[in-house]
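Participant: what's the 3D shape of this:
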Amino acid sequence: QVQLVESGGGLVQAGGSQRLSCAASGRTFSTNTMGWFRQGPGKEREFVAAISWSGGRIYYADSVKGRFTISGDDAKNTVYLQMNNLKPEDTAVYYCAATLRTITSQAMGVRRSYDYWGQGTQVTVSS
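Facilitator: Numbers count the residues shown, from 1 in each chain. Next up, the predicted model:
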């Protein structure tokens, strides 16, 4: 089992920056891929970014490319999401996700590829 706890959400003005953290505990030595998803008001949960510890693959949604950066710290079992140039449409609950399985690059952006989820952290971008 893997437990995930997100932190770092809050209110930020458009154009600002924010960094989210996701701390993993439990079977972290087996964690293969970790990712971030988000769910805006009245919307489906959508992929944001993911990082694979095996091979160092990183994958972003088109909507955040060039603005968001995902990174990880093996020693701290933590993955980060640095969000720059935030827009009101980035307002959402952001969820951390993880899988112990080896998944393809194409699968990194698919919600059902992940087996463990955090409770989410709210990010609100004001215009």
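
Participant: now do the same contact list for residue 90.
Facilitator: 38, 64, 83, 123, 125 (Cβ atoms under 8 Å, 6 or more residues apart in numbering). C-beta here means a position set from N, CA and C on the backbone, and glycine is covered the same way.

Participant: please tell me how far the third one sits from residue 8.
Facilitator: Put plainly, it is residue 83. Distance, residue 83 to residue 8, using Cβ to Cβ, to the nearest Å: 9 Å.

Participant: shared neighbours, these two?
Facilitator: What both residue 83 and residue 8 touch, as defined by Cβ under 8 Å, 6+ apart, is the set 18, 19, 20.

Participant: with neighbour numbers in mind, choose between residue 83 and residue 8.
Facilitator: residue 83 (25 against 16; other Cβ atoms under 10 Å).

Participant: residue contacts, the residue nearest the centre of the chain?
Facilitator: Centroid-nearest residue in the chain, with Cα atoms, centre = their mean: residue 36, separated by 1.8 Å. Residues counted as contacts of residue 36 (Cβ under 8 Å, 6+ apart) are 20, 22, 48, 49, 50, 70, 79, 81, 94, 95, 96, 97.

Participant: now render the shared contacts of residue 83 and residue 8 as a markdown table, adding neighbour count, secondary structure and pLDDT.
Facilitator: Converted to a markdown table, those look like this (neighbours: other Cβ atoms under 10 Å; DSSP: H, G, I helix; E, B strand; the rest coil; pLDDT from 0 to 100):
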| residue | neighbour count | secondary structure | pLDDT |
| --- | --- | --- | --- |
| 18 | 20 | strand | 98 |
| 19 | 13 | strand | 98 |
| 20 | 24 | strand | 98 |
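
Participant: tell me where the model's unsure across the protein.
Facilitator: Within the chain, the segments meeting pLDDT under 70 span 28-30.
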